[in-house]
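A.B. asks: Show me the folded form of this:
(chains A and B)
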Amino acid sequence: MSALRRRLVPYGLLLPGTVWLLLFFAVPMYFMGEMALRSGSLDTGGFTFSWEWGNFDEALSGSEEQLLRSFVYAGLASLFALLIAYPLAYAIALRAGRWKLLLLFAVVAPFFTTYLIRTIAWKTILADASPAVDVLKFLQIVPEDGRVLATGGAVVAGLTYNFLPFMILPIYASLERMDVRLIESAKDLYASSAQAFWRVTLPISAPGIVAGVLLTFIPAVGDYVNALLLGGTGQTMVGNVIQSLYLQQRDYPEAAALSFVMMLAILAVVLVYLRLAGTGAFMGDEEESR
Amino acid sequence: MRWLRRNALLLYAAVAVAYMLVPIFVIALFSFDQTSSNKLDYRWSGFTLDFWKDAFADEAVNEAMITSIQLAALSTIVATVLGTLMALALVRHKFRGRGVSNLLIVLPMATPEIVIGAALLSMFLIYGIGLGFTTLFIAHVMFSISFVVVVVRSRLIGFDRSLEEAAADLGARPLTTFRTITLPLLAPGILAAALLAFALSIDDFVISNINSGTTETFPLYIFGVSLRGIPVQVNVLATMLFLVAVVCIALVLWQQRQAERMAAVRPDPEPATTAPGGLVRAPAATR
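C.D. replies: The predicted structure is shown next:
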């Protein structure tokens, strides 16, 4: 093989996949921006490009509430998912022994039953007369005359559940790669278990936490299935507005504008988050030195 | 009490995993429930095997399921091939434009599904491309590629290249080496990636919902009938799908063990291992 041919090999390998991603991910993003600046309606011969910035005002004015709610719900869901996932990932990576593969399988198992059916199953579990709700009432978590379905709590619970594997897997991967001898040496140097955890284990798993939070938070902001099935009219999220603009109202420019705004808002939040998490603001300096 | 303290974490793991399996249990349980209307009411009225015997009695459910399986199979094949080639390029070669390629692969995973769907729809509308099976196929390949790359790449990173070098030393040409050494060793990673792509495709609702036209996949069908009442067969088929997945994962694990045995010709104390979902543990030495 000549040197030139060898140099071209990686590009040849990359080409088909890259073309697909460019044509059907990058280019469509451009067209979404273009669509957001079109005006007209389906009845009057479709939409034409006209630098119609008004679409953004229109898209925002009606849905600030939903936009804000999406970020709050997604933030809460990521937090709860992290709290549930970390100890579980820790147990699977470092304590499970021969049960490891079985537990890992149980974590990915929900992927193999349709998302929609799973959420419908939760709708049943949380329905007003269900045994699960009776238990919650008995434990005084839910008031005697209260309900779970059609509340914000149900939507957050649904989001937490549905995106949990995306939180567990990256944290598991980072803990699994950890050299256990580090914890032992910390203890040899008279660190307590808690100190060893805070100063050694947690900083090492920080990249997994950051990845997990992003993989949970971003899709959760855009989700509308949980709000649709588990929430009531007062719990709609920005995804619900977008999909209704597309499928019911068929106001494509406004829908595209709102999608764009949501994307930008997510980007802003993610950048702030990465800045906080990346500079070791809460992880200590160990993160930097590695 | 001491036992409790020592095993608290494992007990917690058991509870958390049980919580993750609750909906699957509910879905399976109610595929055995008697109901006079043949629709799911999620009220237990007695055990029956009727719906498992007539699993394929509902034509509409079958049709949607067949569409879903065809779509998932086709998009899995294409996405797995394209993604594997990309992973090979990214891990095996140094070249200009790696950073951009990596960004192009990460971005689709970090974009909410509704935005991906909306962007594709905008393009299809502007070019007047009719929505249907083809647009679904395009979308499904697109969102699967990134996940395939991530899984195969992690398998490639912990890859022992000495066998390939040995083959080359013995006079094997690059393509022969690739076919007889690289591919068999890489197979478990590729299989895990394909399984994930298949699961993602068959599971997808949000992107499909706005790019499907009149084509109905399994999730779209369920959504359509969810207000009028869902036939019990939906739960039967969902449970079957789950069981098939369990078998496939077992096969992947078995295959992986075979590959490791093959790699263990050389005394290597810590071969790379892949877990379900494609998480890979690299050998300690490479860290």
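
A.B. asks: can you give me the helices in the stretch 51-200 of chain A?
C.D. replies: Applying DSSP state H, counting those that start in this stretch to the stretch 51-200 of chain A gives helices spanning A:54-90, A:100-108, A:115-125, A:131-138, A:152-176, A:181-188, A:193-196.

A.B. asks: Quick one: name whatever helix or strand follows the last one.
C.D. replies: It refers to helix A:193-196. helix A:202-222 (DSSP states H and E).

A.B. asks: does chain B sit close to that next one?
C.D. replies: Yes - counting by Cβ under 8 Å from any Cβ of the partner chain, chain B is contacted by helix A:202-222 at A:Leu214, A:Leu215, A:Ile218, A:Pro219, A:Val221, A:Gly222. (C-beta placed from N, C-alpha, C; glycine too.)

A.B. asks: nearest to B:Phe25, of those?
C.D. replies: B:Phe25 lies nearest to A:Pro219 out of the residues of helix A:202-222 next to chain B, by Cβ to Cβ, at 24.6 Å.

A.B. asks: which ones are touching the spatially most central residue of chain A?
C.D. replies: Chain A has A:Thr216 as the residue nearest its centroid, 2.4 Å off, counting by Cα atoms, centre = their mean. Neighbouring residues of A:Thr216 by Cβ atoms under 8 Å, 6 or more residues apart in numbering or on different chains: A:Ala74, A:Ala77, A:Ser78, A:Ala81, A:Leu82, A:Phe163, A:Leu164, A:Phe166, A:Met167.

A.B. asks: Go again with 10 Å.
C.D. replies: A:Thr216 is in contact with A:74-75, A:77-82, A:85, A:159-160, A:162-168, A:170, counting by Cβ atoms under 10 Å, 6 or more residues apart in numbering or on different chains.

A.B. asks: just B:Ile24 next, same as before
C.D. replies: B:Ile24 neighbours (Cβ under 10 Å, 6+ apart): A:Ala106, A:Ala109, A:Pro110, A:Phe112, A:Thr113, A:Ile117, A:Arg118, A:Ala121, B:Ala238, B:Thr239, B:Phe242.

A.B. asks: wait, which of the residues you listed is closest to B:Ala55?
C.D. replies: B:Ala55 has its nearest neighbour among these in B:Thr239, at 9.5 Å by Cβ to Cβ.

A.B. asks: Isn't that closest one up against B:Pro23?
C.D. replies: No - look at B:Thr239 against B:Pro23 with Cβ atoms under 10 Å: they stay out of range, at 11.8 Å.

A.B. asks: where do the contact lists of the two overlap?
C.D. replies: Going by Cβ under 10 Å, 6+ apart, residues that sit against B:Thr239 and also against B:Pro23 are A:Thr113, A:Ile117.

A.B. asks: Confirm that A:Thr48 sits in a strand.
C.D. replies: Yes - counting by DSSP: H, G, I helix; E, B strand; the rest coil, A:Thr48 is found in a strand.

A.B. asks: any idea how far it is from A:Leu258?
C.D. replies: 20 Å (Cβ to Cβ, to the nearest Å).

A.B. asks: Between those two, tell me which one has more neighbours.
C.D. replies: Higher neighbour count among A:Thr48 and A:Leu258: A:Leu258, with 29 against 11, using other Cβ atoms under 10 Å in any protein chain shown.

A.B. asks: How about the contacts made by that one?
C.D. replies: By Cβ under 10 Å, 6+ apart, the contact list for A:Leu258 reads A:36, A:55-56, A:58-60, A:62-63, A:66-67, A:238-239, A:241-242, A:245-246, A:251, B:114, B:118.

A.B. asks: For ChimeraX, write a command that selects the buried ones of those.
C.D. replies: Entered in ChimeraX, the line below selects the buried ones among the contacts of A:Leu258, by 16 or more other Cβ atoms under 10 Å in any protein chain shown:
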select /A:36,55,56,58,59,63,66,67,238,239,241,242,245,246,251 /B:114,118
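
A.B. asks: any idea how far A:Leu169 is from B:Lys53?
C.D. replies: Distance from A:Leu169 to B:Lys53, counting by Cβ to Cβ: 38 Å.

A.B. asks: Look at those two and report which has more neighbours.
C.D. replies: More crowded of A:Leu169 and B:Lys53, by other Cβ under 10 Å: A:Leu169, with 23 against 10.

A.B. asks: how far away is that one from B:Arg155?
C.D. replies: According to Cβ to Cβ, A:Leu169 and B:Arg155 sit 15 Å apart.

A.B. asks: Kindly report the same for B:Thr214.
C.D. replies: 39 Å.

A.B. asks: Out of those two, name the residue with the larger neighbour count.
C.D. replies: Using other Cβ under 10 Å as the criterion, B:Thr214 and B:Arg155 rank with B:Arg155 on top: 28 against 7.

A.B. asks: residues near the nearest residue to the more buried one once chain neighbours are set aside, how many?
C.D. replies: Excluding its sequence neighbours, the residue lying closest to B:Arg155 (Cβ to Cβ, 6 or more residues apart in numbering or on different chains) is B:Gly189, at 2.8 Å. Here the number of neighbours of B:Gly189 (other Cβ under 10 Å) works out to 27.

A.B. asks: Show the model's pLDDT score for B:Gly189.
C.D. replies: For B:Gly189, the model assigns a pLDDT of 84.

A.B. asks: quick one: what helix or strand has it in it?
C.D. replies: Secondary structure (DSSP H and E) places B:Gly189 in helix B:183-203.
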